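Novice: Turn this into a structure:
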Amino acid sequence: MPVNLLAALGEERFGLAALARAHDTAARAGYVLRRIDGSDDQLAAWIDFHFPGSWWSYEAGAGSAWIGERDGRIAGFAAFGARGLKFRWLRAWRERADAGVFGPFGIAEAHRGSGLGDALLTAALCGLRESGYRFALIPAVGGDALIAMYAHRTGATVAEEISYETERFRAVILASGAGTNARNVLERVRAGALSLDVAAVIANDARAGALDAAREHGVEASAVVWERARETRAAYDARLIGAVASARPQLVLLLGWMHLLPPAFLARFPETLNLHPSFLPLDPAVDEVLAPDDTVIPALRGAHALRDALRAGVPWTGASVHYVTEATDRGAVLVRIPLPVGEATTPEALRERVRPAEFLAVEAAIRRWSFER
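Specialist: Predicted coordinates for the structure are as follows:
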C-alpha cells in the first residue's frame, strides 16, 4: 500500500551547513549541483527521456528543483515545493501551509550508486526549509525498501496510507484507422490496468479497424461517416456530437482520429484528450521544442507529423497526449515521450517505431487524468 511520508525540517540536518555538505558530497563524486526555479525545458526533456511514461516533468515545473550535472549534462534531479498539483493523495495537504511537497526525485541509471542521490535529496529538503516549511511531504511512496530509505535518510514517518484506486470513468474512443491504440486501451481496461468503462468506439470510416477491436471486446461500435455530397459539415458535426453524447462520457479519447472537431464539440466535451505522434513543447504557444540532447526541433503539429519529421530530417520524434482545444495540437500536455528517429526512413517504419511510446503515453495520460479528478 503506497503511503504519504512526513519529514520534520526543523533539525540542522537541513540547514545551510547541510546544503554546503551536499555540494561537497556532489563535488567529491564529480558532480555540480545547480538550482532551477520554475519550468525548465532542458530538465523537462531530460526527465521525459529518462523516465518515460511519467508526468514528472510537469511536477518538477510546478516548483523548484536541484539538479546534478557532470560535464554539463544532467545526471539526476530532486524537485521540491510544487504548487497547484491536483493529485488525489495531495488534497488533504493543500491547506497545510507548514508542509511543502518533495519530489519527484530521480537519477539516471548510469549515475546510480554514485552518491549523487543523497546530495540531491538533502539539497531539496534544505530548499523546502529555506522556503519556510516545517515539514516535507514525500507523497505516494510505494514499497518497504523505498519507505525505509526515506525513513533512514530523512527521519520521515508514515503520515497516511493512500490508494491509487479511482472510480471507473465512462469513456468514448474516436478513431479513424487501424485502431492499434484503441485496441491497446481496450486490452488494458480488460486487464484492470485502467479505471475506464469504454462505452463506445466511434469511427468516421465504416472500415476502420478500431470498430473491429471494439466488437471483439464487447464494446458498442458505430461509424459516423460524413457523406460530403449530401450533408453539410454542420449537420455532420451535430450527428457526431449526438452520437458521443448518447454514451454520456466523462472522457473522450482521440486515438488516431483524423477529423477536426468543431468548437461546439469541445464545449460539450471539454475533457477530450488527443494522442499526437511527436514530442510537443510544454508551452502550447511556441513552435519549437528542446529535445533531450539539447537539439532544437520544430513542434510537428498537424495530421502528418511523422512524414514531416522525416522531411525535415529531425533526429527526434515521440508521442504526446494533450487536451484538445480549438487550436490544432496546442492543448496542455499531460504526458510526452521523446524518441530518436533512428534508422526509420518511411512514415510507416517510423509509425512502427513510435507505437510502443504511444501505448505508454496514452496509458500514463489516462492514469494522470483519473488521478486528478
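Novice: Now for the closest residue to Phe105 other than its chain neighbours: which residues touch it?
Specialist: Excluding the flanking residues, the one nearest Phe105 by CB to CB, 6 or more residues apart in numbering is Ala78, at 4.4 Å. Quick note: C-beta positions are derived from backbone N, CA and C, even for glycine. Taking CB atoms under 8 Å, 6 or more residues apart in numbering, we find Ala78 in contact with 65-66, 102-103, 105, 120-121, 123-124.
Novice: Quick check: the two most widely separated of these?
Specialist: Distances among the contacts of Ala78 were taken as CB to CB; the most separated pair is Gly103 and Ala123, at 13.1 Å.
Novice: okay, these two: which has more neighbours?
Specialist: The residue with more neighbours, out of Gly103 and Ala123, is Ala123; 26 against 23, by other CB atoms under 10 Å.
Novice: can you give me phi and psi for Leu273?
Specialist: Here is the backbone geometry of Leu273 (degrees, to the nearest 10): phi -110, psi 150.
Novice: Quick check: it vs Ala221, distance?
Specialist: Separation of Leu273 from Ala221 (CB to CB, to the nearest Å) stands at 20 Å.
Novice: Those two - which one has more neighbours?
Specialist: Neighbours per residue (other CB under 10 Å) separate Leu273 from Ala221, with Leu273 holding more: 23 against 20.
Novice: so the more buried one bridges to which residues?
Specialist: Leu253, Tyr323 (DSSP bridges).
Novice: Which residues are in contact with Asp237?
Specialist: Asp237 sits in contact with 261-262, 264-265, where contact means CB under 8 Å, 6+ apart.
Novice: With Ala223 instead?
Specialist: 202-206, 208, 211.
Novice: out of the residues you listed, which is most surrounded?
Specialist: Ranked by neighbours (other CB under 10 Å), these are led by Ala203, which has 27 neighbours.
Novice: so that residue touches Ile173, yeah?
Specialist: No. In this structure Ala203 lies outside contact range of Ile173 using CB atoms under 8 Å: 9.0 Å.
Novice: Name the residues contacting each of the two.
Specialist: Counting by CB under 8 Å, 6+ apart, the residues touching both Ala203 and Ile173 are Ala210.
Novice: just to revisit the earlier point, need the phi and psi values for the residue nearest to Phe105.
Specialist: Taking degrees, to the nearest 10 as the convention, Ala78 sits at phi -140, psi 120.
Novice: For Gly84, see how far away it is.
Specialist: 19 Å.
Novice: next one: Val219
Specialist: Distance, Val219 to Gly84, by CB to CB: 35 Å.
Novice: same check, this time on Thr295
Specialist: Plainly put, Thr295 is 30 Å away from Gly84 if you go by CB to CB.
Novice: Then Asp37?
Specialist: On the measure of CB to CB, Asp37 and Gly84 end up 15 Å apart.
Novice: what does Ala203 give?
Specialist: According to CB to CB, Ala203 and Gly84 sit 37 Å apart.
Novice: ditto for Ala151
Specialist: Ala151 is 28 Å from Gly84, by CB to CB.
Novice: and the two? which has more neighbours close in?
Specialist: Ala151 (16 against 8).
Novice: picking that back up, whichever of the contacts of Asp237 count as buried, I'd like them selected in PyMOL; how would that read?
Specialist: Applying 16 or more other CB atoms under 10 Å to the contacts of Asp237, the buried members can be selected in PyMOL as follows:
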select buried, resi 261+262+265
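Novice: Could you dump the contacts of Asp237 into TSV and include distance to Tyr58 and secondary structure?
Specialist: Formatted as TSV, these follow (distance: CB to CB, whole Å; DSSP: H, G, I helix; E, B strand; the rest coil):
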residue	distance to Tyr58	secondary structure
Leu261	24	coil
Pro262	29	coil
Ala264	29	helix
Phe265	26	helix
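Novice: need the next SSE after the helix or strand hosting Ala124, C-terminal direction.
Specialist: Per DSSP states H and E: Ala124 is located in helix 116-130. Sequence-wise, the next helix or strand downstream of helix 116-130 (DSSP H and E) is strand 135-141.
Novice: That following strand to helix 116-130, inter-axis angle?
Specialist: Orientation check (axes from the mean of the first three to the mean of the last three CA atoms, to 10 degrees): strand 135-141 against helix 116-130 gives 130 degrees.
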